[in-house]
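# I'll drop the sequence and a predicted model, then ask my questions.
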Amino acid sequence: MVPDISQSEMTVAKYKRFFYSLPMVGERTEQQLIQLAKAGLKEEIRDGLETEEFATLEALFEEAEEVEEGLKETPPSSPGKRRRTSPDHRSNKRARKAEKKGDPEDEGYG
């Protein structure tokens with residue numbers, strides 16, 4: 001059983017190092033480890049994951065780190081729970097990248 005660290009101030013990177021150091025890592029399947037690792041993430045990070053299924057444990061941690069970065073960039077609107085507002089649950093970084101490109105059809109009119 002993975003200790004519940006979801007309420008601590010541990011970053012995803014620290015949690016990843018902690019998780020990989022557990023003896024059970026060599027005793028479980030990849031999918032079991034993914035489920036255990038996901039359960040130990042902070043709720044706000046779990047809620048921000050784009051998918052429920054991950055091919056590898058590393059893929060889960062990479063996505064969790066992206067969500068964590070997005071949460072740092074977007075302060076909560078209230079002291080309660082942070083939630084993404086994007087309807088497709090894309091990270092803020094991806095949304096900003098799309099905004100910078102602009103629509104070529106919009107240029108030259110005005």
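That came through fine.
# what stretches of this protein score poorly on pLDDT?
1-8, 75-110 (pLDDT under 70).
# which residue ranges form the helices in it?
In the chain, the segments counted as helices under DSSP state H are 12-21, 30-40, 43-48, 57-73, 92-101.
# Report all helices and strands that the fourth one contacts.
Contact here means 3 or more C-beta pairs under 8 Å, 6 or more residues apart in numbering; DSSP states H and E; on that basis helix 57-73 packs against helix 12-21, helix 30-40, helix 43-48, helix 92-101. C-beta coordinates here come from the backbone N, C-alpha and C atoms, glycine included.
# Quick one, which of those gets closest to E66.
Closest approach to E66 among the helices and strands packed on helix 57-73 (C-beta to C-beta): helix 92-101, 7.2 Å.
# give me phi/psi at M10?
Main-chain dihedrals, M10, degrees, to the nearest 10: phi -70, psi 130.
# Hmm, E50 is touching E63, no?
Yes. Under the criterion of C-beta atoms under 8 Å, E50 makes contact with E63 at 6.5 Å.
# neighbour count winner among these two?
E63 (19 against 13; other C-beta atoms under 10 Å).
# gap between that one and R17?
17 Å (C-beta to C-beta, to the nearest Å).
# and if you look at E53?
Taking C-beta to C-beta, one finds E53 at 24 Å from R17.
# and if you look at E58?
Taken as C-beta to C-beta, the span from E58 to R17 is 13 Å.
# Kindly report the same for A39.
The value you get for A39 to R17, if C-beta to C-beta is used, is 18 Å.
# Also E69?
17 Å.
# can you check Q31 too?
Q31 is 21 Å from R17, by C-beta to C-beta.
# now do G70
Applying C-beta to C-beta to G70 and R17 gives a distance of 21 Å.
# between these two, who's got more neighbours?
G70 (20 against 12).
# G48 is in contact with that one, correct?
Yes. Using C-beta under 8 Å, G70 is in contact with G48, at 6.7 Å.
# Let me see the contact set for T51.
E63 (C-beta atoms under 8 Å, 6 or more residues apart in numbering).
# can you give me phi and psi for it?
Residue torsions, per degrees, to the nearest 10, at T51 are phi -140, psi 160.
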